[in-house]
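Novice: need coordinates for the below:
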Amino acid sequence: MAIIRVGGGIITQINVFTVPEVGQAAMIDHLTKAAQCAAQEEGWLSASLHRSLDGTRVVNYAQSVSLEAAQAVIARLRREGFIARNQAYGEAHPGLYEVAFSLER
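Specialist: Predicted coordinates for the structure are as follows:
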């Protein structure tokens, strides 16, 4: 489960993929396999995949316990070829983030 709170030290990788209109399902399938691989890395916490309603984007929201753990997850995915294979499904726009503000009801 995703954890969203200020000051928790958790690092979130948010990666927005632009995909062809008919490519959303294939990207989600690919990222599901990547998340299953990443889950084996120490410090990995969660992954959530989101599909845009217009069919042109997929967002991967993945969390790790620290920056070092996030970097280890990315290194594992690179070694396993997942990051290189992303290009076959769409264009990636990745970034690492920490929570700056959160408001809940």
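Novice: need the contact list for Ala69.
Specialist: Counting by C-beta atoms under 8 Å, 6 or more residues apart in numbering, Ala69 touches Ile11, Glu41, Glu42, Gly43, Trp44. For the C-beta atoms, the positions are set from N, CA and C on the backbone; glycine is no exception.
Novice: and it, which helix or strand is it part of?
Specialist: Here Ala69 sits within helix 67-79, counting by DSSP states H and E.
Novice: may I see the buried residues of the next helix or strand after that helix?
Specialist: The helix or strand immediately downstream of helix 67-79 is helix 82-86, counting by DSSP H and E. By neighbour count on 16 or more other C-beta atoms under 10 Å, the buried set for helix 82-86 is Phe82, Ile83, Asn86.
Novice: ok, so of these, who is nearest Asn60?
Specialist: Ranked by distance to Asn60 (C-beta to C-beta), the buried residues of helix 82-86 are led by Asn86 at 9.6 Å.
Novice: from the structure, what's the count of residues near the closest residue to the closest one other than its chain neighbours?
Specialist: Closest residue to Asn86 apart from its sequence neighbours, by C-beta to C-beta, 6 or more residues apart in numbering: Ala92 at 5.1 Å. By other C-beta atoms under 10 Å, 15 other residues sit near Ala92.
Novice: perfect, that will be all.
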